[in-house]
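Asker: what would the 3D arrangement of this be:
(chains A and B)
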Number of protein chains: 2
Amino acid sequence: MTHRRGLLIILSSPSGAGKSTLAHMLMDWDPTLAFSVSATTRAPRPGEVDGKDYRFVSEAAFKQMVADGEMLEHAHVFGHFYGSPMGPVKAAIEAGRDVLFDVDWQGAQQIGRSALQDHVLSVFVLPPSIAELRRRLESRGQDAPEVIQKRMQRSWDEISHWDGYDYVLVNDDLELTFERLRTIVAAERLRLPQQPGLVDFVRRLQAEFAKEEQ
Amino acid sequence: MTHRRGLLIILSSPSGAGKSTLAHMLMDWDPTLAFSVSATTRAPRPGEVDGKDYRFVSEAAFKQMVADGEMLEHAHVFGHFYGSPMGPVKAAIEAGRDVLFDVDWQGAQQIGRSALQDHVLSVFVLPPSIAELRRRLESRGQDAPEVIQKRMQRSWDEISHWDGYDYVLVNDDLELTFERLRTIVAAERLRLPQQPGLVDFVRRLQAEFAKEEQ
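Answerer: Okay, here's the model as predicted:
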């Protein structure tokens, strides 16, 4: 087939619904998948690698990128800026590689309205129940009840925006949910905006048809 | 999972590109698939069964259906009306059955703007080459060169509207093309508008969350 353009794959879910696991399964399934590394103005923590965990930039540089329309989405959280730079994403999708985004509903919304909106595939992952969500958050075993409660509240805020996505999956069975996610990605790769080579293909058909008509 | 709503699956292609074969493969794959039977004002031909091949109606009845907004699409061809009635399609998709349409680009466009537009999945099938398209038309072995030439002209008219569809498949390998079509249908069944049960599911999550908060 003709060459394809990559997708911006947005995977959102409340913490504890299985998003990270699904993201890793997707990257194992297709190692050409790129991950969108966020830019941030916060200082690196010990062990964090610039360009891998984050792209660490100054506040002036960050604001310039926003002003230049170079951020697909950005947010201000606890005094620091976070955002998804457009450049690496554009380069990847033009080379036919999909890019995976781990963003919340606000990031998903901004990317969905960006210059690359025709290439966005957004998937929201729901937990099978609130009890199961709490169980998964508690089983990490490190957090005080108040922290868990705060996370549950944030999870609910995230869940309440479930209907702004192209697809919504209830993760009651990890293998089945992954199978569905894989089917969705495989199909979306065939959508018209992902198949720029078809324009040339149809042009060749037209030339062939015109030649026959002579 | 929660119950789903059916899709309106539109399969278009020039005659000779493999549309009918793909439609049959799809119906063999999923016998619950319904086929949209067109209404027409032309007289039945010998052997044609009302309600199976066509729904034969009077011109007055047809025009009334159009006036009532009961036609998803319709056209006037060689003095007769043809159209896709909304009623059976609505009933099928509400029962969770997909409905297959064999319509040309004008029908596809009208259905894509109809009241059921959120549930439409449109796929266009391209031939691998014009030479192959001609070969397939000629291999039927029944038609005079002028008839073939007229068909080729009509095929080109159809091909020239290739970019009005959600997906475009080049049918250079029937099995591969069918595999792609199947993947597309499986994925599109998971889209938000096809999953009305999710509204209730999220409502239950919300109730569970509210109870916990007390």
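
Asker: residue of chain A closest to chain B, please.
Answerer: The nearest approach of chain A to chain B comes at A:A187, 3.4 Å away (CB to the nearest CB). Every residue, glycine included, has its C-beta placed from N, CA and C.

Asker: spit out the contact partners of that residue.
Answerer: B:Y167, B:T183, B:I184, B:A186, B:A187, B:E188 (CB atoms under 8 Å, 6 or more residues apart in numbering or on different chains).

Asker: what's the answer for A:S20, then?
Answerer: So A:S20 contacts A:D102 (CB under 8 Å, 6+ apart).

Asker: in three-state terms, label it for me.
Answerer: Using DSSP: H, G, I helix; E, B strand; the rest coil, the secondary structure recorded for A:S20 is helix.

Asker: and it, what pLDDT?
Answerer: Note on A:S20: pLDDT of 90.

Asker: ok, now A:T2?
Answerer: A:T2 is given a pLDDT of 51.

Asker: what do you get for the one 4 residues further on?
Answerer: What the model reports for A:G6 is a pLDDT of 97.

Asker: buried stuff in the helix or strand encompassing A:L26?
Answerer: If you go by DSSP states H and E, A:L26 is part of helix A:19-29. For helix A:19-29, the neighbour count (16 or more other CB atoms under 10 Å in any protein chain shown) marks A:K19, A:L22, A:A23, A:M25, A:L26 as buried.

Asker: grab the nearest non-local neighbour of the residue of chain A closest to chain B.
Answerer: B:A187 (3.4 Å; CB to CB, 6 or more residues apart in numbering or on different chains).

Asker: quick check: that neighbour vs B:G141, distance?
Answerer: 39 Å (CB to CB, to the nearest Å).

Asker: could you do A:G16 as well?
Answerer: Taken as CB to CB, the span from A:G16 to B:G141 is 64 Å.

Asker: phi and psi next, for A:A108.
Answerer: Per-residue torsions, A:A108: phi -60, psi -40 (degrees, to the nearest 10).

Asker: just the pLDDT at it, thanks.
Answerer: On pLDDT, A:A108 comes in at 97.

Asker: list the contacts of it.
Answerer: Taking CB under 8 Å, 6+ apart as the criterion, A:A108 is in contact with A:I10, A:S12, A:E73, A:F101, A:S122, A:G164, A:Y165.

Asker: in contact with the fourth one, which residues?
Answerer: This points to A:F101. A:L8, A:I9, A:I10, A:L11, A:S36, A:S84, A:G107, A:A108, A:I111.

Asker: let's have the residues you listed in TSV, adding secondary structure.
Answerer: Shown next, in TSV, are the contacts of A:F101 (three-state DSSP):
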residue	secondary structure
A:L8	strand
A:I9	strand
A:I10	strand
A:L11	strand
A:S36	coil
A:S84	strand
A:G107	helix
A:A108	helix
A:I111	helix
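
Asker: buried among those? Need that as a selection in ChimeraX.
Answerer: Entered in ChimeraX, the line below selects the buried ones among the contacts of A:F101, by 16+ other CB under 10 Å:
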select /A:8,9,10,11,36,84,107,108,111
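
Asker: ok, the contacts of A:F101 vs A:F78, which is closest?
Answerer: Checking the contacts of A:F101 against A:F78 with CB to CB, the nearest one is A:G107 at 15.9 Å.

Asker: can you select the buried ones from the contacts of A:A108 in PyMOL?
Answerer: In PyMOL, a selection of the buried entries from the contacts of A:A108 looks like this (16+ other CB under 10 Å):
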select buried, chain A and resi 10+12+73+101+122+165
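
Asker: give me the element A:R154 is part of.
Answerer: helix A:145-159.

Asker: could you point out which element follows that helix?
Answerer: In N-to-C order, the element after helix A:145-159 by DSSP H and E is strand A:167-170.

Asker: contact partners of that next one?
Answerer: Residues outside strand A:167-170 that contact it (CB under 8 Å, 6+ apart): A:121-128, A:162, A:177, A:180-181, A:184, B:1-2, B:187, B:190-192, B:195, B:198, B:201.

Asker: among the residues you listed, which are in helices?
Answerer: Judged by DSSP state H, the contacts of strand A:167-170 include A:T177, A:R180, A:L181, A:I184, B:A187, B:L198, B:F201 as members of helices.

Asker: of these, keep whichever come out buried.
Answerer: Here, 16+ other CB under 10 Å leaves A:T177, A:R180, A:L181, A:I184, B:A187, B:L198, B:F201 buried among the ones in helices among the contacts of strand A:167-170.

Asker: farthest-apart pair in these, please.
Answerer: Among these, B:A187 and B:F201 lie farthest apart (CB to CB), at 19.7 Å.

Asker: returning to that earlier point: adding pLDDT, write the contacts of A:A108 out as CSV.
Answerer: Listed next are those as CSV, based on pLDDT from 0 to 100:
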residue, pLDDT
A:I10, 97
A:S12, 95
A:E73, 97
A:F101, 96
A:S122, 98
A:G164, 95
A:Y165, 97
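
Asker: any idea which of the contacts of A:A108 is closest to B:E158?
Answerer: Of all those, B:E158 sits closest to A:S122, with 32.7 Å by CB to CB.

Asker: specify the beta-bridge partners of the closest one.
Answerer: A:I10 (DSSP bridges).

Asker: distance check, it against B:G197.
Answerer: 20 Å.

Asker: what does chain A have sitting close to chain B?
Answerer: With CB under 8 Å from any CB of the partner chain as the criterion, chain A meets chain B at residues A:1-2, A:126-127, A:129-131, A:134, A:152, A:156, A:159-160, A:162-163, A:165-170, A:180, A:183-184, A:186-188, A:190-192, A:195, A:198, A:201-202, A:205-206, A:208-209, A:212.

Asker: if any of the residues you listed are buried, put those into a PyMOL selection.
Answerer: A single PyMOL command is used to select the members of the residues of chain A next to chain B judged buried by 16+ other CB under 10 Å:
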select buried, chain A and resi 126+127+129+130+134+152+156+159+162+165+166+167+168+169+170+180+183+184+186+187+188+190+191+192+195+198+201+202+205+209
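
Asker: about what we covered before: out of the buried ones among the ones in helices among the contacts of strand A:167-170, which one sits closest to A:A115?
Answerer: For those, the minimum distance to A:A115 (CB to CB) is 23.2 Å, reached by A:I184.

Asker: tell me the pLDDT at A:V147?
Answerer: Predicted confidence (pLDDT) for A:V147: 86.

Asker: now A:D102
Answerer: Predicted confidence (pLDDT) for A:D102: 89.

Asker: is it in a bridge, and if so with what?
Answerer: Assigned bridge partners for A:D102, using DSSP bridges, are A:L11.

Asker: residue contacts, it?
Answerer: By CB under 8 Å, 6+ apart, A:D102 lies in contact with A:L11, A:K19, A:S20, A:A23, A:F35, A:S36.
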